[in-house]
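let me see the structure of the following:
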Amino acid sequence: MFVNTKQFSPVVNDGLTNANPLSYEYREWWVEQKRRCLEGWTCGGVYIPGDYYWYLNFWKIRGKDKKTGRKTLIAPRFLDMDLEYFLAIEKARKAGKHLCVVKARQKGYSEKHAALMGKEFTFFAHSQTIITAGEEKYSNATMRMCVRGLNSLKETEFYKRRQPDTLDYIQAKYKVIENGVPHWKGIHSEIYNITSKNNPQATIGKSPSLIIFEEAGKFPGLIDSFKYIQPALEAEGGEKTGFAIIVGTGGDMEKGAAELEQMFYDPEVYDMFEFNNEYEEDGGDSKIGFFCPAWKFKIVDNEGNSLKQDSLEYIDTKREAARKSKKVDDFVNTITQDPIIPSEAFMRTGGNMFNQALLNQQFARLRNNKALSNLGDKGRLEWIKNDLGTITGVEFIHDPAGKLIIYEHPEKDDQDNVILNLYVAGTDSYDKDQANTSDSEGSCSIFKMFKDVNSTSNIFAARYTDRPSTAEKFYEETAKLCMYYKAPNLIEWSNIAIFNWYKNNGFEGYLKERPQIAYANVKDSKVNNRYGVDPGTKTEWMIMYRDYIEDYSENMYDMRQIDRAIKFRNEKNYNCDITISSSLAICHAKDNINIKANAHANVSKKEEFFHFKSNQGRITQKF
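Take a look at the predicted model:
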C-alpha cells in the first residue's frame with residue numbers, strides 16, 4: 001500500500017519555480033525537471049519512471065474538480081494502477097520489445113497515451129509519433145487529448161510552438177525571419193494521426209519512435225497493420241529505434257478483438273514483452289501481454305491504492321444484475337468490458353441456444369494450455385490404389401497448410417483394421433462451385449462414440465472444412481475422410497449433388513440413411529429421401545448438439561468449432577457450416593444408439609445394429 005502519494009507530484013503541489021528566468025537557479029530547476037522526466041525519480045524509497053513523472057507533474061487531463069464537482073482540466077492523481085503500467089512500459093522499452101495491452105474499460109489509458117505522445121514530441125528532436133486506430137473517432141479522440149495536454153504547457157519551458165497544427169498532423173517548429181530570410185526554427189518533432197481502416201499500409205513511409213494502436217479490440221486488420229510498420233521500428237541488426245503499444249479491450253470478436261487476442265496470448269511471436277499469466281487458474285507457465293483487470297481503479301482509497309476486495313464485490317453485483325437481463329448478450333458483454341482475468345476479455349458472444357458459459361470456459365482452457373491448443377494434427381488424405389488403379393484405402397499426410405484437422409486418428413483392432421461402428425460423420429455440403437463473393441464453406445465432422453471405459457469416447461475426432469475450386473473436390477475429400485474412419489456420413493438433404501456423387505463413384509455404402517430419431521417430433525416431413533436428413537428437422541439436431549455441449553463441453557478440443565458454436569445464428573444467410581456438421585454428427589450418433597437399443601430389444605445378437613462388408617474393394621453398409 002502506498003502512503004503520502006502527493007509527494008510524487010512536487011510540481012503540482014509546490015508550483016513552478018519562482019526564480020528569475022535569467023538566473024542560474026531557474027535554469028537548473030528546469031534542467032532537473034527534464035532529467036526526472038527522462039530518467040525517472042525516486043522519492044520516499046519508491047521509483048517513479050520518467051514517463052510517469054511527466055504525466056503526474058506536467059500533464060493535464062479531464063477530471064473531476066474536488067471543489068466544484070465538475071469535470072475540468074486537472075493534474076492526474078497518483079494511482080497504483082498507473083505506476084504499474086508506466087513501469088511495464090519502461091521494462092518493455094529497455095528489453096527492446098513492444099507492448100500488447102488488454103484492459104478493462106474506463107482506466108484512462110487514452111490520457112496516458114496522449115501524455116506519452118506529448119513527451120516524445122516535447123523532448124526528442126525530429127522524432128515521429130503516430131496514433132492510429134481502425135476507426136477515425138478513436139485516433140481523433142486521443143489526438144485531441146494530446147493537443148490539449150500540449151496546450152496546457154504554455155506557461156512552462158517545455159511548451160513547443162507548432163506549425164502545422166491540425167488534428168491530423170502537428171510539428172514543433174515556427175517561422176522566423178533573420179537577415180531578411182525566412183526559415184523554420186524548432187526541434188521539428190512530429191505527431192501523425194492516421195486511420196488504418198481498410199488500409200493496413202496506412203502508416204508505411206513513416207519511421208516512428210513511438211506508435212500507438214488505439215482501441216485494438218475494434219481494429220480489423222490489426223496484425224497486418226503492425227507488421228507493415230514493424231520494420232520501420234528497427235535499425236539494421238534488429239536494434240529497436242521505435243516502440244509500439246497495442247492496446248484494447250475485448251468485445252466484438254468479429255471486429256478486431258480476435259487479432260488482439262492472438263497477439264496478447266502469443267507475445268513472443270509478435271516481439272512483445274512477456275508477462276507471466278498469474279491471473280488464470282490454468283494459466284500454468286504460459287506468457288501473455290500486459291493485463292489490467294477491472295478491479296484496479298474501480299474503488300480506490302485517498303492515496304490511490306486500488307481496494308481489490310471492495311472492487312470485486314461491486315463488479316459481482318453488476319454482473320449479477322446483467323445475468324438477470326432479458327437480453328441474452330448483456331451478461332457476456334458486461335464481463336468482456338470489465339474482465340477480472342484475461343480470458344474474460346475475449347469471451348465470445350452469441351445469443352443462441354448453446355451454453356455460452358461452458359463454451360467460453362472450454363475455449364479459455366484450450367487457449368491457456370499450449371499442449372491442448374496445439375492438439376490438432378493438420379494434414380490431408382490421399383487415396384491408396386493398387387496396380388489396377390482401384391482404391392484400396394486412404395493415407396494421412398501431415399501438412400501444416402492442410403484443411404483437415406485430426407484430434408484422434410482412427411482406433412484400430414489387433415489386425416490393424418479400423419474398428420467398425422465406432423465413428424460417424426456429419427456433413428454440411430453445397431452444390432455450387434466456389435463463388436467469388438461467398439465466404440461459406442462445406443464442413444465434415446467425425447464423431448467417436450463409446451467403445452469401452454478404457455478408451456476415449458464422445459469426442460469429435462476430426463474435421464474437414466473448406467470450399468475448394470469445385471464442389472466435387474469437396475465431396476471427394478469427405479469420402480476420403482469417411483473411408484479413413486470407416487464412418488457413414490449423415491448429410492443434410494438440401495444440397496443433393498453430393499448424394500449423386502457418392503452413388504456414381506461407388507461410395508453409396510457411406511451414406512447414412514434417414515435418422516429416425518430426427519423425425520420423432522416432426523409431424524409432416526415434405527422430403528421422402530432414403531439417405532440424409534430433411535432440413536426441416538434442423539431444430540432437432542441443434543437440440544441434440546446443445547445437450548451434447550451441456551454434458552461434454554470438456555471433450556471439445558476444436559477451438560474453431562467452439563467459436564462457431566458460440567457465434568451461431570439461426571438465420572438464413574448466416575455461415576454455420578461447422579455447427580451444422582457437428583450437429584449432424586451428434587444426430588447420427590444418437591440415431592445409431594437408438595438403432596442399437598431397438599436391435600437388442602427386437603432381434604437376436606447376430607442381427608443387431610449394422611456392419612460393413614467389402615464388395616470388390618468397395619464398402620457397403622448392411623443391416
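
what's the mean pLDDT across the top helix by length along the chain?
With secondary structure taken from DSSP state H, the chain has its longest helix at helix 577-602. The average pLDDT for helix 577-602 rounds to 85.

what does stretch 23-38 give?
Stretch 23-38 shows a mean pLDDT of 98 in the predicted model.

check stretch 332-342 too.
pLDDT averaged over stretch 332-342 gives 89.

return the distance of it from the chain's centre.
Here stretch 332-342 is found 14 Å from its chain centre; the criterion is C-alpha atoms, centre = their mean, to the nearest Å.

first-to-last residue distance for it?
14 Å (C-alpha to C-alpha, to the nearest Å).

please apply the same query to stretch 502-518.
End-to-end distance (C-alpha to C-alpha), stretch 502-518: 22 Å.

give me the buried positions along stretch 311-331.
Buried residues in stretch 311-331, counted by 16 or more other C-beta atoms under 10 Å: S311, L312, Y314, I315, A322, D330, F331. (Each C-beta comes from the backbone N, C-alpha and C, glycine too.)

nearest to R105 among those residues?
I315 (11.8 Å; C-beta to C-beta).

correct me if wrong: that closest one contacts D338.
Yes - at 5.8 Å, I315 and D338 qualify as touching, with contact defined as C-beta atoms under 8 Å.

tally of neighbours for L167?
12 (other C-beta atoms under 10 Å).

wasn't it part of a strand?
No - judged by DSSP: H, G, I helix; E, B strand; the rest coil, L167 forms no part of a strand; its state is coil.

isn't it right up against N193?
Yes - if you go by C-beta under 8 Å, L167 and N193 touch, sitting 6.1 Å apart.

any shared contact partners between the two?
N140, M143 (C-beta atoms under 8 Å, 6 or more residues apart in numbering).

which helices and strands sit right next to the host helix or strand of L56?
Using DSSP states H and E, L56 sits in helix 50-58. With contacts taken as 3 or more C-beta pairs under 8 Å, 6 or more residues apart in numbering; DSSP states H and E, helix 50-58 sits against helix 10-14, helix 24-39, helix 80-94, helix 109-123.

deepest of those helices, which one?
Greatest average neighbour count among the helices and strands packed on helix 50-58 goes to helix 109-123 (a mean of 23), per mean count of other C-beta atoms under 10 Å.

show me what secondary structure element comes after that helix.
strand 128-133.

what angle sits between the helix or strand following that next one and helix 50-58?
Following strand 128-133 in sequence order, the next helix or strand is helix 136-151 (DSSP H and E). Angle, helix 136-151 to helix 50-58, by axes from the mean of the first three to the mean of the last three C-alpha atoms, to 10 degrees: 70 degrees.

give me the buried positions along the very next helix or strand once past helix 136-151.
Using DSSP H and E, the helix or strand that follows helix 136-151 towards the C-terminus is strand 169-171. Across strand 169-171, burial judged by 16+ other C-beta under 10 Å covers I170, Q171.

list the helices and strands the helix or strand that comes right after strand 169-171 packs on?
As assigned by DSSP H and E, the chain's next helix or strand after strand 169-171 is strand 174-178. Under the contact definition 3+ C-beta pairs under 8 Å, 6+ apart, strand 174-178 sits against strand 181-185.

just after the strand it packs on, pick out the following helix or strand.
strand 190-195.

next SSE downstream of that next one?
That would be, after strand 190-195 and using DSSP H and E, strand 210-214.

still on that earlier bit, just flag the most distant two among the buried residues of stretch 311-331.
Longest distance between any two of those is 20.7 Å, between S311 and D330; criterion C-beta to C-beta.

does the residue nearest to C587 when sequence neighbours are not counted belong to a helix, a strand or coil?
Counting by C-beta to C-beta, 6 or more residues apart in numbering, C587 lies nearest to W541, which is 4.2 Å off, once chain neighbours are set aside. With three-state DSSP as the basis, W541 sits in helix.

number of nearby residues for I397?
Counted with other C-beta under 10 Å, I397 comes out at 11.

residue contacts, it?
Contacts of I397 (C-beta under 8 Å, 6+ apart): G379, R380, L381, E382.

separate out the buried members of those residues.
Here, 16+ other C-beta under 10 Å leaves G379, R380, L381 buried among the contacts of I397.

show me what the helix or strand containing the last one is in contact with.
Taking DSSP H and E as the definition, L381 sits inside strand 377-385. Where contact means C-beta under 8 Å, 6+ apart, the residues beyond strand 377-385 that reach it are 391-407, 409, 477, 480-481, 484.

gap between that strand and the chain center?
31 Å.

what's the first helix or strand after that strand?
Counting by DSSP H and E, what follows strand 377-385 is strand 391-398.

please report the distance of I212 from K91.
The gap separating I212 from K91 is 17 Å, by C-beta to C-beta, to the nearest Å.

specify the residue ranges that define each domain of this structure.
5-292, 373-622 (automatic domain parsing).

that older thread, please state the offset of the helix holding L56 from the chain centre?
The answer for helix 50-58 is 33 Å, by C-alpha atoms, centre = their mean.

rounded mean pLDDT for the helix or strand just after that helix, please.
Using DSSP H and E, the helix or strand that follows helix 50-58 towards the C-terminus is strand 61-64. Throughout strand 61-64, pLDDT has a mean value of 90.
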